[in-house]
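S.K.: What follows is a predicted protein model with its sequence.
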Amino acid sequence: MSSLSMNKVRGRALNANTQNTNNFSLWMEPLSHKQYPVTDVYNSTNNAVITSDGTRNRINAQPGLLYNKIRLDVSGSVNPTKWTTGQTINTVYLVPTEMNQSERSYNNSPTTPQTIASYTYTPKSNNSKIIVEYGAYYAIEGHNNDQFQSQIVIGTDTTIAKRIQQFKNELGGGTRGSTIFPITGAFTNTAPIPSPTLISVKLILSSTDIVQVWQADDDAYMKITEISL
């Protein structure tokens, strides 16, 4: 074969190799660089972490925070709209000036409850239990046969907690009861749309004596805890 023929063969071979390389690159490029829509999700669950198995058209869904060891660092706030049963949704802690409590004495009123403190709370969830705790520094003056009852009331007339304290005007007639404070109660909130709810702490006195309640931040408190049902 002439040298001319050998050069032609060599040139054709080099050209074919170049074309093959280019064709290979064109064929591989979409697989390695292009994005394809997801066509299959495996092991799908309602609460999952999505991971890839190395291909672009298949992902795996696995239960997320149920067992995976995950650390979540959030620089902003988290605002969930669903909670698991028993999870704390919201907590509010109030001092006397935040729950309309004044420093005053409460006189005898055997039938009409007298409001000591009140606060309007708007639930965060429409399926929750709301726990109300109230405590106060108080003193009862005088003696005789006296009875004092405390209440936590929701709205205008729904009582969710009661405590009683009694005194007998006789030998050994000290306090006979659970004492009026602290007091704790709870109610269930299942309103379709959570609405502001009035919470009141009230006192009924069947007594000739008075109950003095103080107003300083370390004298009284109300704690409201909302948990998911």
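M.R.: Happy to help now that I have it. This structure is a prediction, so every number in the text was calculated from the model and none was measured. Numbering: from 1, shown residues only.

S.K.: Point out where the protein drops to low pLDDT.
M.R.: Counting by pLDDT under 70, the chain has low-confidence residues at 1-70, 109-110, 170-173.

S.K.: domain parsing for it?
M.R.: If you go by automatic domain parsing, the domain ranges for the chain are 37-77, 88-228.

S.K.: For whichever strand in the chain runs longest, list every residue counted as buried.
M.R.: Scanning the chain for the strand with the most residues, using DSSP state E, yields strand 109-121. When neighbours are counted by 16 or more other Cβ atoms under 10 Å, the buried residues of strand 109-121 are found to be Pro113, Ile116, Ala117, Tyr119, Tyr121. The way it works is simple: take the backbone N, C-alpha and C, and place the C-beta from them, glycine included.

S.K.: going on from that strand, what's the next piece of helix or strand?
M.R.: strand 128-136 (DSSP states H and E).

S.K.: Would you give the sheet partners of the helix or strand following that next one, along with the direction of each?
M.R.: Beyond strand 128-136 in the direction of the C-terminus, DSSP H and E gives the next helix or strand as strand 138-140. According to DSSP bridges, strand 138-140 has the following sheet partners: strand 211-213 (antiparallel).

S.K.: Please enumerate the strands of this structure.
M.R.: Listed from the start of the chain, the chain has strands (DSSP E) covering 40-42, 48-52, 58-63, 88-94, 104-106, 109-121, 128-136, 138-140, 146-154, 158-167, 183-189, 197-206, 211-213, 220-228.

S.K.: hang on, Lys202 packs against Thr115?
M.R.: Yes - under the criterion of Cβ atoms under 8 Å, Lys202 is in contact with Thr115, at a separation of 5.4 Å.

S.K.: Would you mind measuring from the residue nearest to Ile210 when sequence neighbours are not counted to Ile199?
M.R.: Excluding the flanking residues, the one nearest Ile210 by Cβ to Cβ, 6 or more residues apart in numbering is Ser105, at 4.5 Å. Distance, Ser105 to Ile199, using Cβ to Cβ, to the nearest Å: 23 Å.

S.K.: give me every residue that touches the closest residue to Arg176 other than its chain neighbours.
M.R.: Ranked by Cβ to Cβ, 6+ apart and with sequence neighbours excluded, the top spatial neighbour of Arg176 is Gln166, at 4.5 Å. Listed by Cβ atoms under 8 Å, 6 or more residues apart in numbering, the contact set of Gln166 reads Asp146, Gln147, Phe148, Thr175, Arg176, Gly177.
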